[in-house]
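1. test case, fold it:
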Amino acid sequence: MSLNQIFDIAGSGMNAQSLRLNTVASNIANAETVSSSIDQTYRARQAVFATVFSEQQGLGGSLFAPSDKAGQGVEVLGVVESDAELQARYEPDHPMANEEGYVYYPNVNVVEEMANMMAASRAYQTNVEIMNTAKTMLQRVLTLGQ
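-> As a prediction, this is how the structure comes out:
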């Protein structure tokens, strides 16, 4: 693996964590939205990622991964909705209440979303640090000939 590939790998991680932060922001923004029916109620969303493996897995390994596949980044498989149960609350005076007096709240757990936000933010930060370290290493290689 060359130093140039590090930028692609860290960049794919940054893109993935950016999508994760966007879904968390959407979930938190809709945490208190209400609806009069189950079908129209917002459902929490989660980003799904997968590892992208090297296509050159059988062409000799490196010292650090002699027989394992080398990861080449992160692929976003999509965004899925949560299957968790929605919250039905009896609020007959609410303007969005249905005929029985119930309103439906999303299945968003704000505490979990805040934890996801902090984890995604830290992962994004880590990928930025990886890119900065690789950049510094490349700059030092250029100064070796001086």
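2. hmm, residue 79 and residue 43 touching each other?
-> No: applying Cβ atoms under 8 Å, one finds residue 43 not in contact with residue 79, separated by 11.1 Å. C-beta coordinates here come from the backbone N, C-alpha and C atoms, glycine included.
3. and residue 78, bridged to which residues?
-> Going by DSSP bridges, residue 78 is paired in beta bridges with residue 48.
4. run a quick neighbour tally on it.
-> By other Cβ atoms under 10 Å, the residues close to residue 78 number 11.
5. name the nearest residue to the residue at minimal distance from the centre of the chain, sequence neighbours excluded.
-> What sits nearest the mean C-alpha location of the chain, by Cα atoms, centre = their mean, is residue 20, with 2.7 Å. Nearest non-adjacent residue to residue 20, counting by Cβ to Cβ, 6 or more residues apart in numbering: residue 120, 4.2 Å away.
6. residues contacting the one you found?
-> Residue 120 is in contact with 17, 20-21, 24, counting by Cβ atoms under 8 Å, 6 or more residues apart in numbering.
7. for the helix or strand containing it, what is the average pLDDT?
-> Following DSSP states H and E, one finds residue 120 within helix 110-143. What helix 110-143 shows for mean pLDDT is 94.
8. count of neighbours near residue 41?
-> 19.
9. next one: it from residue 127, what distance?
-> 34 Å (Cβ to Cβ, to the nearest Å).
10. for stretch 123-138, give me every contacting residue.
-> 3, 6-7, 10-11, 13-14, 17-18, 20-21.
11. give me the three-state assignment for residue 73.
-> Three-state call for residue 73 (DSSP: H, G, I helix; E, B strand; the rest coil): strand.
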